[in-house]
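# When you get a sec, could you give me coordinates for this:
(chains A and B)
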Amino acid sequence: MKKVCLALALVFQVLVFSPSLPSRDTLILASTTSTLDSGLFNALIPPFEKKFNCTVRIIAVGSGQAMRLARDGNADVLLVHDRESEEQFVADGFAVERLDVMHNDFVLVGPVGDPAGGRGLPVVAALAKIAAVGAAFVSRSDDSGTHKKEMKLWKQAGLHPTGRWYMESGSGMEATLRIANEKTAYCLVDRATWLAHRKEIDVLAVLVEGDAQLFNPYSVIVVSAVKFPWLNVKQATRFAEFIRSPQGQTIIRDFGKDKFGSALFFPDVPGSK
Amino acid sequence: MSYILEGLKQGAALLLPPSSEILQIVALSLAVSGAATLLAALAAVPVSLFLALKEFRGKRLLVGLVNTAMSVPAVLIGLLVYGLVSRRGPLGILGLLFTPGAMVLAQALLAFPLITALALAALKGIARDARDLALSLGANRRQLAAVVIRQGRFAFLTAIIAGFSRVIGETGMTLMIGGNIKGQTRVLTTAISLETMKGNFELGIALGIVLLLTALAVNVAMQGLQGK
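Below you'll find the model as predicted:
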């Protein structure tokens, strides 16, 4: 009994006094699913963590959700891809600025047989065809950057997609792509996630690419500590600087080349190319 | 604290009146979990009766298996069903993955061992008492079974309610198998998960209130039936 009490007392001591033990700094990064699903973070985060002795907690949910988390003070830094929402975020005072990091593009994938006949068309025209025949289409429908882009494209086609053919997964990019594969449906996907998961997909192929509308730029945003004093601004700022530094931009530029045959993301900070 | 209270207030407001989307989600949840519980019960009642009444070699092993199956994590059942019904799996031709059918299957597999084990635990006592009394009155095996079923109604009902409660609140496996597709496979639990993560805390709370009321309502209804 005495030994048990002693052990418990020791445990209690450690727990009570642990805040004074040297602990690693934590950074909460809210980001899209494409940066995680593609594996980019596996290349980008460990060097940062090591360099600044900081543990990064990645919450990958899609740009809209990430910004909503940040608006509630639940994230230190954002890596997102929805230019309009980002600018609104800054305008609303939740950050000082948004900064360029990298870009890639979206592709419209669909059944190899292309029942809607959208192959090679401009993406807006292809979407119109898909809606016209009611070909199965899976949408992220989660307020992510990809989803916002998709909605913008539908709007340009003058359409509001509804119906059984239009499936809203409310999920991340990888999950949505998997549903599209399972249901043999069309889907808008960022190239990085597509390339990273190409080998798991057996009935879909890229049908539309290269359209200027499919340009996909990513930004990093340090959330304002004026609004939320508990945020880790120091590490957030370091993170933003790191991924925009020559070291970070080189990691981005080289990521995926050996594994997928081409780069998945293209660095955007001038002078580091 | 005010964050939660505000959420509760706004969540309740979303239910007066509930949107057609909320109603549709509730309907699907009841349909999927109801069907799954029914399927599981249809299998569990005879199996539990059989195990309670019959003596045979290997019975203890079988009972042990049922009890162990009860502690299989839901996500593992989801994994199994996923492998079975995905297009590359043995049942792939049915195209069941990401449909309510697959969700019913997975939830039924989850509920079955639970209902069986709970019913069995109660039936064993009933069977023992009934056997002594019935046999002393000259009843045959079929009459004995009828007595046990009648006396065991309460046990079955309790077990089935437990099964339903287990599956209506299941999230992870249901998400994995259903894909949370709006209007097709989105149920209360997966919707709560989605909306909360999207930052729609109020909608999450609204759905949470509905889930709670649904679970309570089903419990009350079944207790009422049993009371007759």
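# What part of the chain, helix or strand, is modelled with the least confidence?
Assuming you mean chain A. Within chain A, judged by mean pLDDT, DSSP states H and E, the helix or strand with the poorest mean is helix A:2-17; its value is a mean of 77.
# sorry, should have said chain B
Confidence across the helices and strands of chain B bottoms out at helix B:141-151, with a mean of 82, counting by mean pLDDT, DSSP H and E.
# what about that helix, distance to the chain center?
26 Å (Cα atoms, centre = their mean, to the nearest Å).
# how close does whichever residue of the stretch 51-200 of chain A sits closest to chain B get to A:Y218?
Closest approach of the stretch 51-200 of chain A to chain B (Cβ to the nearest Cβ) occurs at A:R68, with a separation of 3.2 Å. All C-beta spots, glycine's among them, are computed from the backbone N, C-alpha and C. Relative to A:Y218, A:R68 is positioned 18 Å away (criterion: Cβ to Cβ, to the nearest Å).
# related to what we said a few turns ago, can you name the residues that contact the residue of the stretch 51-200 of chain A closest to chain B?
Contact partners of A:R68, counting by Cβ atoms under 8 Å, 6 or more residues apart in numbering or on different chains, are A:143, B:198-199.
# Go again with 6 Å.
With contacts defined as Cβ atoms under 6 Å, 6 or more residues apart in numbering or on different chains, A:R68 is in contact with B:G199.
# Just confirm it is within a helix.
Yes: assigned with DSSP: H, G, I helix; E, B strand; the rest coil, A:R68 falls within a helix.
# So it versus B:T68, what's the distance?
Where B:T68 is concerned, A:R68 sits at a distance of 43 Å (Cβ to Cβ).
# Check B:A155 too.
From B:A155 across to B:T68, the span is 21 Å (Cβ to Cβ).
# In three-state terms, how would A:V138 be classified?
Quick answer, by three-state DSSP: A:V138 is strand.
# circling back to that earlier point, out of B:A155 and B:T68, which sits in the more crowded spot?
Regarding B:A155 and B:T68, a neighbour count based on other Cβ atoms under 10 Å in any protein chain shown identifies B:A155 as having more, with 22 against 11.
# next one: the least confident helix or strand of chain A to chain centre, how far?
On the basis of Cα atoms, centre = their mean, the separation between the geometric centre of helix A:2-17 and that of its chain is 44 Å.
# what residues are up against the residue nearest the centre of chain A?
Geometric centre of chain A, nearest residue: A:T32, 1.9 Å, by Cα atoms, centre = their mean. By Cβ under 6 Å, 6+ apart, the contact list for A:T32 reads A:62-63, A:80-81, A:145.
# Inside helices: which ones of these?
Using DSSP state H, the members of the contacts of A:T32 that fall within helices are A:63, A:145.
# which residues sit in contact with A:V220?
A:V220 makes contacts with A:79, A:99, A:101, A:240, as judged by Cβ under 6 Å, 6+ apart.
# ok, A:G120 - how many residues close by?
A:G120 has 12 neighbouring residues, counting by other Cβ under 10 Å.
# With B:I126 instead?
As a measure of burial, B:I126 has 18 neighbours, counting by other Cβ under 10 Å.
# Verify the contact between it and B:G152 for me.
Yes: with contact taken as Cβ atoms under 6 Å, B:I126 and B:G152 are classed as touching, separated by 5.2 Å.
# Leaving out the residues flanking it, which one is nearest to residue 141?
Using chain A here. Leaving aside its chain neighbours, A:S141 sits nearest to A:E168 (3.4 Å; criterion: Cβ to Cβ, 6 or more residues apart in numbering or on different chains).
# that answer is for a different chain, and I need it for chain B
Across the structure, with Cβ to Cβ, 6+ apart as the measure, the residue nearest B:R141 apart from its sequence neighbours is B:L53 (7.8 Å).
# got it, and A:G158?
A:A128 (8.0 Å).
# Let me see the residues that make contact with the helix or strand harbouring that neighbour.
With elements delineated by DSSP states H and E, A:A128 resides in helix A:123-133, which encompasses its position. Residues lying outside helix A:123-133 but in contact with it, judged by Cβ under 6 Å, 6+ apart, are A:108, A:116-118, A:137, A:153, A:156-157, A:159, A:161, A:186, A:208, A:211, A:213-214.
# all helices of the chain, in order?
In the absence of a named chain, this looks at chain A. For chain A, the helices identified by DSSP H occupy A:2-17, A:33-37, A:40-52, A:63-71, A:83-91, A:123-133, A:145-156, A:173-183, A:191-197, A:233-244, A:246-254, A:257-260, in order along the chain.
# think we crossed wires, I meant chain B
Assignment of helices within chain B using DSSP H yields the ranges B:2-13, B:20-53, B:59-69, B:74-85, B:100-136, B:141-151, B:153-168, B:172-178, B:188-198, B:201-227.
# mean confidence score for the fourth one?
Pointing back at helix B:74-85 there. On average, the pLDDT along helix B:74-85 is 95.
# picking up where we left off before, just the pLDDT at the residue nearest to the centre of chain A, thanks.
Predicted confidence (pLDDT) for A:T32: 90.
# and the gap between it and chain B?
Plainly put, A:T32 is 13 Å away from chain B if you go by Cβ to the nearest Cβ, to the nearest Å.
# Can I get the least confident helix or strand of chain A in CSV, CA atoms only?
The C-alpha coordinates for helix A:2-17 follow below in CSV (Å, rounded to 0.1, in the frame of the first residue of the first chain):
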residue,chain,number,x,y,z
LYS,A,2,2.8,2.4,0.9
LYS,A,3,4.6,1.7,-2.4
VAL,A,4,1.4,2.4,-4.3
CYS,A,5,1.0,5.7,-2.5
LEU,A,6,4.6,6.6,-3.2
ALA,A,7,4.2,5.8,-6.9
LEU,A,8,1.0,7.9,-7.1
ALA,A,9,2.7,10.8,-5.4
LEU,A,10,5.6,10.6,-7.9
VAL,A,11,3.2,10.6,-10.8
PHE,A,12,1.3,13.5,-9.3
GLN,A,13,4.5,15.5,-8.9
VAL,A,14,5.5,14.9,-12.5
LEU,A,15,2.1,16.0,-13.8
VAL,A,16,1.9,19.1,-11.6
PHE,A,17,5.3,20.3,-12.4
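# other SSEs contacting it?
Helices and strands in packing contact with helix A:2-17 are not found; criterion 3 or more Cβ pairs under 6 Å, 6 or more residues apart in numbering or on different chains; DSSP states H and E.
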